[in-house]
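Chemist: need a 3D model of the following:
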Amino acid sequence: MKKSALAVLSLIAILVVACGSPGATTPSASASTGASPTAAALSGDIRISGWSSSPTEDALLQDSINAFMAANSGVKVKWEPIAQDYETVLKTNLAAGTEADVFYADIFWIDSLMKTGKLLALDDLMAKSGTKKDDFVPSLINAFTYQGKTYGIPKDFNTLGLVYNKDLFKAANVAEPTNDWTWTDLSAAAKKLTTGGVVGLSLPADAARFVPFLWQAGGDLANINNAAGVAATDFYTGFEAKDGLSKLPSELGMGWAGEAFEKGRAAMVFEGGWLPADLNNNFKTVNYGVVQMPKGSAAKSNLIFTVSYSISAKTKNPNAAWALANYLTGSDNQAKILKAGFALPTRTALSSQITNPNSKAIFDGAPYGKPFNYASANTGKVNDEIAKALESVMLKKSSVKDALDKLATTIKPLLTP
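Modeler: Presented below is the predicted three-dimensional model:
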């Protein structure tokens, strides 16, 4: 769950956008609530499917479904969670024509579904219910748009933030980070924080942590071995390979960087809202804070992890399916979920309700973030190759130049649409 951002998206309850709520109670409820303006006319059975990360998450979604059915008495909704290997099971069901009416679609692989006609375009249904693309954070809703058509409504999201241990900063007499930190600030703090059995940073050999640094340096995947790519890679891997200020999570005996942070072995890590959620639930004594990622030589940048509620192109009940998806992503439901602390809202209007500074740091990464699907259907393969290159440099098995030259050759065909 904690070794890759994709798995985290699949398994951490912070990403749940299905919290029990009274929801809309009358057929005439406004579109902003997510309720259907013609609820009385809706009828029939629909199925909804997604991954199952925990009994708690399943219960939350079931409560929300029950609230929807209470407001739409003619519709019966069945929740069908998929416990393991969700993407494979969903695509198998799509091929067989047995998929649910509504289901989760991850930004990581939704391109392949949008391009092959597996999903229902939602624009006409959105127009009828008064739901506008402008209601949502642009970078999120645009991630589920293809050739001008909308194929999913973002249910929640995460970006990366700099998560830091306040007590370790105080002990090292280092000022706490701010949203205005630069790479220079990060390096200086990591040096002072590395002492004894604690490293200033734990940076994994993971594309989902490295790629924002590439963009911050003005680099891009298509030219990974140019000057900007070299600068970003040298900076990222140099914490371990050159300065000894970072260690791979595995070298610390940990399964992921977040665990190293939770157990006091790393003073700083770059993670999304799933880490604060785990800290709040299971490591309540850790005194932590979250700020935005540091600015590189070119700009600020970040990754956006998000999931949609999408509808099968083969659904026999598109109106009821849309009413459910619209309800789950409606402003009333999202506001209740935000208040409960389970997820970040995707509706722009709710940003003013984010009062927790740690959550706000994650939310504020969206405007300058880029979706976690930079290589379309080949993103996973590209990520694997990036991880190999980073690890080879971190473990001093390869130089930055040699690793990037090899990487550039390997991923070039994978970046071609």
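Chemist: give the residue spans of the stretch 51-200 of the chain that score low on pLDDT.
Modeler: 53-57 (pLDDT under 70).
Chemist: now the residue nearest the centre of the chain, what's its secondary structure?
Modeler: Note on the chain: the residue nearest the mean C-alpha position is F305, at 2.2 Å, using CA atoms, centre = their mean. When classified by DSSP: H, G, I helix; E, B strand; the rest coil, F305 comes out as strand.
Chemist: for the closest residue to it other than its chain neighbours, what are phi and psi?
Modeler: Using CB to CB, 6 or more residues apart in numbering and skipping the chain neighbours, the partner closest in space to F305 is N158 (4.6 Å). (Each C-beta comes from the backbone N, C-alpha and C, glycine too.) Per-residue torsions, N158: phi -140, psi 150 (degrees, to the nearest 10).
Chemist: now Y309
Modeler: phi -90, psi 120.
Chemist: so what's it closest to, chain neighbours aside?
Modeler: Nearest to Y309 is A325, by CB to CB, 6+ apart, at 4.1 Å.
Chemist: doesn't the one you found lie inside a helix?
Modeler: Yes. Applying three-state DSSP, one finds A325 inside a helix.
Chemist: count the neighbours of it for me.
Modeler: If you count neighbours by other CB atoms under 10 Å, A325 ends up with 28.
Chemist: list the contacts for it?
Modeler: Shown in contact with A325 (CB atoms under 8 Å, 6 or more residues apart in numbering): 102, 122, 153, 309-311.
Chemist: do that again at 7 Å, thanks
Modeler: 102, 153, 309, 311 (CB atoms under 7 Å, 6 or more residues apart in numbering).
Chemist: cool, A227 as well?
Modeler: Counting by CB under 7 Å, 6+ apart, A227 has no contacts.
Chemist: number the chain from 8, please
Modeler: In the new numbering, first residue 8, that becomes A234.
Chemist: and the gap between it and G225?
Modeler: 9 Å (CB to CB, to the nearest Å).
Chemist: what about the residue nearest to F312, distance to S136?
Modeler: 27 Å.
Chemist: repeat that for Q223.
Modeler: Taken as CB to CB, the span from Q223 to S136 is 39 Å.
Chemist: the two: which has the busier surroundings?
Modeler: Q223 (26 against 23).
Chemist: now the closest residue to the more buried one other than its chain neighbours: phi and psi?
Modeler: Of all residues not flanking Q223 in the chain, G303 sits nearest, at 2.7 Å (CB to CB, 6+ apart). The phi and psi values for G303, taken as degrees, to the nearest 10, are phi -90, psi -170.
Chemist: do the same with F290
Modeler: phi -140, psi 60.
Chemist: what segments of the stretch 8-157 of the chain are strands?
Modeler: 51-58, 82-89, 109-113, 152-153, 156-157 (DSSP state E, counting those that start in this stretch).
Chemist: just these: most buried one?
Modeler: Ranked by mean neighbour count, the strands of the stretch 8-157 of the chain are led by strand 109-113 with a mean of 25 (mean count of other CB atoms under 10 Å).
Chemist: run the chain-centre distance for it.
Modeler: Distance, stretch centre to chain centre, for strand 109-113: 14 Å (CA atoms, centre = their mean, to the nearest Å).
Chemist: for that strand, packing partners?
Modeler: Under the contact criterion of 3 or more CB pairs under 7 Å, 6 or more residues apart in numbering; DSSP states H and E, strand 109-113 touches strand 51-58, strand 309-318, helix 325-335.
Chemist: the residue nearest to P88 when sequence neighbours are not counted and D92, how far apart?
Modeler: Once flanking residues are discounted, P88 sits nearest to S59: 3.5 Å by CB to CB, 6+ apart. To D92, S59 is 12 Å away according to CB to CB.
Chemist: in terms of neighbours, single out the busier of those two.
Modeler: The neighbour count for S59 versus D92, taken as other CB under 10 Å, is higher for S59 (18 against 11).
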